[in-house]
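1. Sequence first, predicted model second:
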Amino acid sequence: MTRPREPGAVVLEFRDVGKTFHAGKRAVVALRQVAFTLRPGGVTGLIGPDGAGKTTVMRLAAGLLAADAGQITVLGLDVARDALAVQAAIGYMPQRFGLYEDLTVQENLDLYADLQGVSHGERAQRYRELMHMTGLAPFTTRLAARLSGGMKQKLGLACTLVRAPRLLLLDEPTVGVDPVSRRELWRIIDRLVEQEGMSVLLSTAYLDEAERCGQVVLLHQGDVLQQGAPGALSERMAGRSYQVTAAGIKPRALQQRLAAAPGAIDAVIHGDGVRWVTDQPAPEGVLPPDARVTAAAPRFEDSFIALLQTLDGGRRIEGPMAGVAAAGVKAAPAAPVIEVRRAQRRFGDFYAVRDVSFDVAQGEVFGLLGANGAGKSTTFRMLCGLLPASAGSLRVAGVDLRHAAAAARARIGYMSQKFSLYGNLTVRQNLKFFSSAYNLTGKPREARIAWALEEFDLAAQAEAVSLDLPLGYKQRLALACALMHGPGILFLDEPTSGVDPLARREFWRRINRLAESGVTVMVTTHFMEEAEYCDRLAIMAAGEILALGAPAEIKARAASAANPTPSMEEAFIALIEAQPVEAA
Amino acid sequence: MTTSAARGGWRMRLRGLIRKEFRQIVRDPSSIAIAFLMPVALLLLFGYGISLDAEEVPVALVAPQPSAASASFTSAFYGSRYFAPRPMPDMAAAEAALMAGRVDGIIRLQGNFARRLEGGGSAPVQVIVNGVDANNARMISGYVQSTWANWLAQRAQAAGGELDMPVQVEPRIWFNGEMRSRNFLVPGLIAVIMTLIGALLTALVMAREWERGTMEALMVTPVAIREILLGKLIPYFVLGTGGMLLAVGMAVFLFDVPLRGSLWVLLICSSLFLLAALGMGLLISTIARNQFVAGQVAIIATFLPAFILSGFIFDIGSMPWALRGITHLIAARYFVAILQTVFLAGDVWPVILPNALALLLMAALFFGLVRRNSRKRLE
């Protein structure tokens, strides 16, 4: 094998790359003049929300797409001219891992070894290394379909690594996997960089992962916002991050006050207080008298938020939301609005949910936290009366779902993961449709639509086709549609996955205002920090509830001498590791 | 250059792809169902269930005044395998039965049938046939006439003379002497079955690779696009040949369809057709990247035409000219012609060669298009 031309200490270079996709008459600009370079060794994070263009960058680098403008060089080779040679030299794991689910672990490895031209002599040794590294050795005869999400992701990585590539491209490898698998994956990547001298480009929407990268490229709506070491980027926020605690006021109320303060960049609930990023640490009358303000170490996320806000102009929303005060708000607060007793859901011999019990009180924000496949969505569908339980009882708004699912559904609002909007209808037509689906007609309907357009800041887009809207707008529209009939209970299934952090914050501010107006909110998420925003939460894994309680209680349970104040993610990992290990 | 050829070579990659494909076929119940269960179900359905022959047709017999002559006449119908006569007392009852669909026709003798026959004059027989299904009606009235003609001939013989008729037709039917529709339906079905495996199944499994994201992973390996195509082509060629042999075996041994031509002609022509079908399947998969669309397109563009426009059931010669023109675009048309000839007539080269050439051209055309439209890109 002859080596490609000496790359001159650059493994990957994008030079003013542009890419536009065409679908019929619609043209979508995915990348605009993207330029960055990757030096050998180390992990470079490609960071940005959904739709930022991360996958397009990956596919361009792998020669799966052709750039409209600019030049891409991989390991000294021009991708446009030499795609096959590039593909022979790099490893690339697509978002869905590229596994054949009806083949076993070993058969998947064999296939990729054949395709990568690994000689039979080298294989035994390499397989041993990979199986050791990923911990998949006991499962080689298992079908890939029967692996957990985290194991699939590790197998996908192993298949990419059957021939050690010099450049490894990983497209959102950590999305939707549980924190334990996420941590293991990062360990593997770090080892690859250290021991095999690999260069890694990894895309992610999780901002906390940026801090584990040697270098980050910030991508937003097809533009590179910034490139550099994550530490250097967060350093700019030094002296502007604080932790604020106040005894007399609930964290959510405190957060609202701090977010509204002049000069405030960001305010999120963190621990028992609020993490506050601001240009003005002590403005008049904002801080409660007993507030304790301590300086906090700047995070990468702070600088990203600050950056996005300068682009976006930033909008503020305060106070309880008008027009959502639902029927039944005045009901006795003692009676739980949602009651789940030993609920169970089987699909064949597979338990998606087993023996789950919890209560949710009026006006509470209750979170279900867990990885893909933990049983969150199944629990949700049972609560919405979309899926009958195999055993146990579920009561929503005092109605048993087994007997009167339709009656319960009239009192709930549901926003699904995929937003369930009619893409070819305009914003107004979507609102019209969903309000008539809930029997709103005439004047009340007009009034409700006007309220939704105003409250969710969609008036300017009322006549826009909803397919063309940015993700954050779609999310707002979906929430508005779920609220058209003024439900007392709101179910949100992963409402924030893929939206940029600014839109996520705004979304949570709306949720909080809803809760203050007396609406009970149940939400699923796989963002650990969002768990902190909930009043109470249940952590789920493999269909069971591992822990139930307020965020502080759950974290306290994981506290140890070595780590007295664990984060939600660390608490989650501790809980999962306390579980019995899955049998081979 | 680190070309893919420098690395273990295409042999290893192709072998890996083919092995993968076979494992998937064996483990995926839907592939097995399309490749083996559906052919068997179709064969059983067409072999036993559906018959285009009119046999045991229920007819009402109305003979108001039974006599020796009328009994002799009606017994000809009782003895025929084409009819299942139901005696009726009068015309009103027979009409009611026809209206209700219990019988497909009425054969009515006049009260004076015996007298007029004895008298040497003509004895009219009224035949009423349900004409809703025109094909069936023609067949029934034809059968009635031939049964009646037979009866006359037998009567004349019994009377010790020849039937006095100016022209006598003595039909002889070649190739399918028993006139069993099974004998041409079952061979024709082989074309349908191979379309199913070659086009529908292939388009579906390619779309599945796109849907599940495995195509993206394949494409970033050093594999060349022609290797991916061959990796699909070879396994489904083998599977299609298997389906063909299964169908031929069932035709010959289960349904007693004669195979008068030679097996190797059948094999070569089937291979040509299978290539054309696989070409269509792969071409569909370059356009349709999800299983639903691929399935719809494959059924409308390949399966239904193979059923309807191939001459398998409906005679191409009796189609309107526009439709007849369209059939020339259907690969199954050429294959059905070959199949019916090889099974029933033998190796008739003037039929086989031009049709085989047409199949070859179509296969070449489809593969040219597939090759042109497949690129190692996701767009």
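-> Yes, it's here.

2. how about the helices in the stretch 301-450 of chain A?
-> A:376-383, A:401-409, A:427-437, A:442-455 (DSSP state H, counting those that start in this stretch).

3. Out of the ones you listed, which gets the lowest mean score?
-> For these, the weakest mean pLDDT is recorded on helix A:401-409, namely a mean of 81.

4. Next, the buried residues of that one.
-> A:401, A:405, A:408-409 (16 or more other Cβ atoms under 10 Å in any protein chain shown). From N, CA and C alone the C-beta is placed, and that goes for glycine too.

5. which residues are contacting it?
-> Under the criterion Cβ atoms under 8 Å, 6 or more residues apart in numbering or on different chains, residues A:382-385, A:388-389, A:393-397, A:399 lie in contact with helix A:401-409.

6. Inside strands: which ones of those residues?
-> Counting by DSSP state E, the part of the contacts of helix A:401-409 found in strands is A:393-396, A:399.

7. Please read off the pLDDT at the spatially most central residue of chain A from the model.
-> Nearest residue to the geometric centre of chain A (Cα atoms, centre = their mean): residue A:497, 4.0 Å. Note on residue A:497: pLDDT of 77.

8. My guess is it contacts residue A:526. True?
-> Yes: shown here, residue A:497 and residue A:526 form a contact pair, counting by Cβ atoms under 8 Å, at 7.0 Å.

9. Which neighbours in the sheet does the strand or helix carrying residue B:128 have, and how are they oriented?
-> According to DSSP states H and E, residue B:128 maps onto strand B:125-129. Sheet pairing for strand B:125-129, assigned by DSSP bridges, gives strand B:105-109 (antiparallel).

10. looking at this, residue A:203 is in a strand?
-> Yes: assessed with DSSP: H, G, I helix; E, B strand; the rest coil, residue A:203 lies in a strand.

11. By neighbours, which of the contacts of helix A:401-409 wins?
-> Most neighbours among the contacts of helix A:401-409, by other Cβ atoms under 10 Å in any protein chain shown: residue A:396, with 29 neighbours.

12. what's the spacing between that one and residue A:492?
-> Residue A:396 sits 15 Å away from residue A:492, going by Cβ to Cβ, to the nearest Å.

13. Also residue B:132?
-> Applying Cβ to Cβ to residue B:132 and residue A:492 gives a distance of 60 Å.

14. again, but for residue A:280
-> If you measure residue A:280 against residue A:492 using Cβ to Cβ, the figure is 33 Å.

15. who's more crowded, those two?
-> Under the criterion of other Cβ under 10 Å, the comparison of residue A:280 against residue A:492 puts residue A:492 first, with 26 against 12.

16. The helix or strand encompassing residue A:30 packs against which elements?
-> Element membership for residue A:30 (DSSP H and E) is strand A:26-38. Judged by 3 or more Cβ pairs under 8 Å, 6 or more residues apart in numbering or on different chains; DSSP states H and E, the packing partners of strand A:26-38 are strand A:12-23, helix A:54-61, strand A:69-74, strand A:215-220, strand A:223-228.

17. list the helices and strands the third one packs on?
-> This means strand A:69-74. So strand A:69-74, by 3+ Cβ pairs under 8 Å, 6+ apart, packs with strand A:12-23, strand A:26-38, helix A:54-61.

18. Any part of the shortest one near chain B?
-> Yes: under the criterion of Cβ under 8 Å from any Cβ of the partner chain, chain B is reached by helix A:54-61 at residue A:59.

19. Check which helices and strands that helix sits against.
-> Packing contacts for helix A:54-61, counted by 3+ Cβ pairs under 8 Å, 6+ apart, involve strand A:12-23, strand A:26-38, strand A:42-47, strand A:69-74, strand A:199-204.

20. try the first one
-> Contacts defined by 3+ Cβ pairs under 8 Å, 6+ apart place strand A:12-23 against strand A:26-38, helix A:54-61, strand A:69-74.

21. Secondary structure element holding the residue nearest to residue A:294 when sequence neighbours are not counted?
-> By the measure of Cβ to Cβ, 6 or more residues apart in numbering or on different chains, the closest residue to residue A:294 outside its immediate chain neighbours is residue A:243, 5.1 Å from it. Using DSSP H and E, residue A:243 sits within strand A:241-245.

22. Tell me the strands beside that strand, with direction?
-> Checking strand A:241-245 against DSSP bridges gives partners strand A:273-278 (antiparallel), strand A:292-295 (antiparallel).

23. most packed of the ones you listed?
-> Of these, the one with the most neighbours on average (mean count of other Cβ atoms under 10 Å in any protein chain shown) is strand A:273-278, at a mean of 24.

24. as a whole number, average confidence for that one?
-> Mean predicted confidence for strand A:273-278 is 85.

25. Can I get that strand in PDB? Just the C-alpha atoms.
-> Taking Å, rounded to 0.1, in the frame of the first residue of the first chain, the C-alpha atoms of strand A:273-278 are listed here in PDB:
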ATOM      1  CA  GLY A 273     -30.500  27.300  42.700                       C
ATOM      2  CA  VAL A 274     -30.100  29.000  39.400                       C
ATOM      3  CA  ARG A 275     -27.100  29.200  37.200                       C
ATOM      4  CA  TRP A 276     -26.900  32.700  36.000                       C
ATOM      5  CA  VAL A 277     -24.800  34.200  33.200                       C
ATOM      6  CA  THR A 278     -24.900  37.900  33.100                       C
END
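
26. and the helix or strand hosting residue A:252, what does it pack onto?
-> Per DSSP H and E: residue A:252 is located in helix A:251-260. Applying 3+ Cβ pairs under 8 Å, 6+ apart, one finds that helix A:251-260 contacts strand A:264-270, strand A:273-278, helix A:501-516.

27. any idea which of these is most buried?
-> Taking mean count of other Cβ under 10 Å, strand A:273-278 is the most buried of these, at a mean of 24.

28. Next, the angle from that strand to helix A:251-260.
-> 0 degrees (axes from the mean of the first three to the mean of the last three Cα atoms, to 10 degrees).

29. Quick one: residues in contact with strand A:273-278.
-> In contact with strand A:273-278 (Cβ under 8 Å, 6+ apart) are residues A:237, A:240-246, A:251, A:254-255, A:258, A:261, A:263-269, A:292-293, A:296, A:302, A:305-306.
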